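> Fold the following for me, if possible:
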Amino acid sequence: MTTATARISRPGHATSKPTQNRASRERALAWARRAPLLPALIFLIIVTQLPFVVTLIISFLNWNSLSPSKTAFAGFENYVTVLTDPDLRQAIFTTIVLTVAVVLASLLIGLGLALLLDKKFMGRGLARTLLIAPFLVVPVAAALIWKHALLNPAYGLINGILTWIWSLFGSSSAPQLDLLSQAPLMAVIVSLVWQWTPFMMLILLAGLQSRPMDTVEAAQMDGATPWAIFRHLTLPHLRQYLELGGLLGAIYIVQNFDSVFTLTAGGLGTANLPYAIYQTFYYANEYGLASAAGVVVVIGTIVVATFALRTVFSLFKKEAAR
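Residues are numbered from 1 along each chain as shown. Below you'll find the model as predicted:
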């Protein structure tokens, strides 16, 4: 009687054990689902996080490989040098100019191409494939194409076309462009815009094809002009896609090394921060200073990537709400 009374007085006692067993099974199933991902997670930590931790530690050291006996703790001295050294400050400024110019130009040209490809016309699939092709070229190969096949002042395609056009009018004094020496930063920007415009075009084309067409058709029936539809309907819809393309492009372009190394070798004011890190590490042998500059690049990339992820999540929420 006493036992029965105790059981009645504690109604949760009979259900607590099944509840605990069910929670244990759910935890076991959750770990079973995660277990196949653990090797990939461990590999990712070893490959990415451990080298970054080592780089972070080295960035606080005054370490020159030519004088290993003088290695000592430097505190934040290397970071102060990154922000105050004229060459490194110029590299940071060049990185900002290069990134902003390439992203803006790629977005504008990509938007125009996306608007064209959104229309139906004969050969649209072939045109889309050809326009995507530059993005599929290996970065070093793309830089070599621009350096030798297009921009070379002696046998480049651009100067060859200018010579041919001038010869049609009986002139042998065609202007010969030499961007690699006269405007080297512009040459780097042009090559990167050529390579990254397809990426922006694909993102914006996806945004265009996700427009609510019933609203566009209603505006057309009400007599709205194409410019009014673009300004008041298309452009607001593409705002998040423009942000996403700009942020993702900035993440990759701020780390660009191939074009600067191949086209100009960092000369004539074209050395961006990744190339300056390369010079500091391999030529000056300043491991601590190069590591500090690398950490600065990583921090800047993380800041941009945070905004990119927020934009991606907002797009997913928007699509899920439909």
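> Stretch 134-142 - what's its average pLDDT?
Average pLDDT, stretch 134-142: 88.
> now swap in stretch 30-43 and tell me
On average, stretch 30-43 scores 77.
> Okay, now that stretch: how far is its last residue from its first?
21 Å (Cα to Cα, to the nearest Å).
> centre of the chain versus that stretch, how much separation?
28 Å (Cα atoms, centre = their mean, to the nearest Å).
> What lies in contact with that stretch?
Stretch 30-43 is contacted from outside by no residue at all, using Cβ atoms under 8 Å, 6 or more residues apart in numbering. C-beta: built from backbone N, CA, C; applies to glycine.
> ditto for stretch 246-258
95, 98-99, 102-103, 106-107, 139-140, 142-143, 192, 196, 199-200, 203, 272-275, 278, 297, 300-301, 304-305, 307-308, 311.
> Check which element follows the helix or strand of the chain with the lowest mean pLDDT along the chain.
Lowest on mean pLDDT, DSSP states H and E among the helices and strands of the chain sits helix 2-9, with a mean of 48. Using DSSP states H and E, the helix or strand that follows helix 2-9 towards the C-terminus is helix 13-34.
> Report the next helix or strand after that following helix in sequence order.
Later in the chain than helix 13-34, the nearest helix or strand by DSSP H and E is helix 38-44.
> helices or strands up against the helix or strand following that following helix?
Using DSSP H and E, the helix or strand that follows helix 38-44 in sequence is helix 50-58. Contacts defined by 3 or more Cβ pairs under 8 Å, 6 or more residues apart in numbering; DSSP states H and E place helix 50-58 against helix 287-321.
> What residues sit buried inside the helix it packs on?
Buried positions in helix 287-321, judged by neighbour count with 16 or more other Cβ atoms under 10 Å: 287-297, 300-301, 304, 308, 311, 315.
> any weak-confidence spans in the stretch 1-150 of the chain?
Counting by pLDDT under 70, the low-confidence segments of the stretch 1-150 of the chain come to 1-18.
> repeat that for 90
Within the stretch 1-150 of the chain, the ranges that satisfy pLDDT under 90 run 1-56, 58-59, 61-78, 80-92, 96, 117-140, 147-150.
> The closest residue to Asp118 other than its chain neighbours and His237: what is the separation?
Distances taken as Cβ to Cβ, 6 or more residues apart in numbering place Leu208 nearest to Asp118, at 4.6 Å, with adjacent residues excluded. Taking Cβ to Cβ, to the nearest Å as the measure, Leu208 falls 8 Å from His237.
> One more: Leu185?
34 Å.
> For these two, indicate the residue with more neighbours.
Legend: neighbour count by other Cβ atoms under 10 Å for Leu185 and His237, higher for Leu185 (19 against 16).
> Over to that one. Which of the three states is it?
For Leu185, the assignment made with DSSP: H, G, I helix; E, B strand; the rest coil gives helix.
> swap in Val103?
Under the three-state scheme (three-state DSSP), Val103 adopts helix.
> wait, what's in contact with it?
Per Cβ under 8 Å, 6+ apart, neighbours of Val103: 196, 246, 249-250, 253.
> quick one: contacts for His148?
Gly156 are the contacts of His148 under Cβ under 8 Å, 6+ apart.
> For the residue nearest to Asp118, give me phi and psi.
The phi/psi pair for Leu208 (degrees, to the nearest 10) reads phi -60, psi -40.
> burial measure for it, as a count.
Neighbour number of Leu208 under other Cβ under 10 Å is 17.
> Do I have it right that it meets Leu113?
No. The pair Leu208 / Leu113 is not scored as a contact, 10.9 Å apart, by Cβ atoms under 8 Å.
> and the closest residue to Ala206 other than its chain neighbours, what is it in contact with?
Distances taken as Cβ to Cβ, 6+ apart put Tyr241 closest to Ala206, at 7.1 Å, once the chain neighbours are dropped. Contact analysis of Tyr241 by Cβ under 8 Å, 6+ apart lists 203-204, 206-207, 315.
> separation between Tyr241 and Val303?
Counting by Cβ to Cβ - Tyr241 and Val303 are separated by 21 Å.
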